[in-house]
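A.B. asks: with the input below, show me the fold.
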Amino acid sequence: MKKTHLFLIALTFLVTACSSNATKQYAPGGQKPVVIAYVFRGPIPDPTYVTHFNYAFGHVNDSFDGIRISSEERLMDISNLKKQKPDLKVVLSIGGWGSGRFSEMAADPNYRKSFVADCKRVVEQFNLDGIDLDWEYPSQTAGGRISASPDDIDNFTILMREIREILGNDKLLTFASVMTAQYVDFKAVEPYINFVNIMTYDMGNPPNYHHAALYPSERTRFSCEESVNAHIAAGIPPHKLVLGIPFYGKGTGQFPRFWQVRDQSEFREQWDDVAKVPYLTNSAGEFVYTYENPRSIVLKCEFLKARGLLGAMYWEYSQDDYLGTMQKTVYNGVME
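C.D. replies: Numbering: from 1, shown residues only. All right, here's what the predicted structure looks like:
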């Protein structure tokens, strides 16, 4: 009887502990949710409402065998924010739109070996928590006047494997993915990565389409829901997916930042109740601007949690207003 009583106490403790843990984390596998801000320009950011900063950018250097960093001093300043917030993760994002020389580097074993070694050097020198690869896009020249080859897709996998091997398992290795889940062998890459940052934006332009719709509507070419489905079908489990949210809009060009949209009075704000995003129309009722606001972000956070995704990332930190309205909305939406 005494043994039975002790067993029941132990079982109750175990169930209670598991239940308590479940309330803190929604991501499968015991992973904590992430809120990732890409940092490109502007003042040194406030780490209060993020879990990760992705510094943009590093690039493949001109000799194809190492990394060139846009501003080493700025990267170190951001890395030093970990003194202020010890659980903050700071990652170097290598690449970006128009950043080339990936194809040449990844195709040559000697170049690739030197580049991978430089990844480790940069992580150690700047006290970073990992590497984020933003090769846009393997096998494609869409990023501008950059080289590409059909072999890029296989070479991308080799590159990610070799970076993982040199960084070890205690550092982060992630990459940015196009919304359609193309140009990468996701099943082959999945064992080497912590998660994928989906660029669920730039999916359309006025006067016809939203650029970051949550769901398909008559004003979409592609949506966040379709993008998540495509990545899961390609081989990435939901708990390794991070949903991208833009802090900028697309259209006539008057409002490159959220606060400029919020403070304008020339155009009328509309709401697409199917796509779940706002947009602006002019006096003639024409669709002229597509963007994001706190209402749409809340719905995206509800969506990503319901689908078991790891969290959210956004481009770009400096495009928020001075109150931090958008970043606070993302953080609260993911974490609560």
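
A.B. asks: what about residue 218, neighbour count?
C.D. replies: Residue 218 has 9 neighbouring residues, counting by other Cβ atoms under 10 Å. From N, CA and C alone the C-beta is placed, and that goes for glycine too.

A.B. asks: what do you get for residue 273?
C.D. replies: Residue 273 has 9 nearby residues by other Cβ under 10 Å.

A.B. asks: and if you look at residue 336?
C.D. replies: With other Cβ under 10 Å as criterion, residue 336 counts 8.

A.B. asks: that one and residue 328, how far apart?
C.D. replies: The gap separating residue 336 from residue 328 is 11 Å, by Cβ to Cβ, to the nearest Å.

A.B. asks: kindly report the same for residue 53.
C.D. replies: Distance, residue 53 to residue 328, using Cβ to Cβ: 16 Å.

A.B. asks: try residue 182
C.D. replies: As judged by Cβ to Cβ, residue 182 and residue 328 stand 33 Å apart.

A.B. asks: tell me where the stretch 151-300 of the chain has helices.
C.D. replies: Taking DSSP state H, counting those that start in this stretch to define them, one finds helices in the stretch 151-300 of the chain at 152-167, 186-189, 224-234, 258-263, 294-306.

A.B. asks: residue 177 is nearest to which of those?
C.D. replies: With Cβ to Cβ as the criterion, residue 177 lies closest to helix 224-234 of those, at 6.8 Å.

A.B. asks: quick one: the closest one to helix 294-306, angle?
C.D. replies: Angle, helix 224-234 to helix 294-306, by axes from the mean of the first three to the mean of the last three Cα atoms, to 10 degrees: 30 degrees.

A.B. asks: give me the distance from helix 224-234 to the chain's centre.
C.D. replies: Chain-centre distance of helix 224-234: 15 Å, with Cα atoms, centre = their mean, to the nearest Å.

A.B. asks: so what does that helix touch, helix or strand wise?
C.D. replies: Using 3 or more Cβ pairs under 8 Å, 6 or more residues apart in numbering; DSSP states H and E as the contact test, the elements touching helix 224-234 are helix 186-189, strand 195-199, strand 241-246, helix 294-306.
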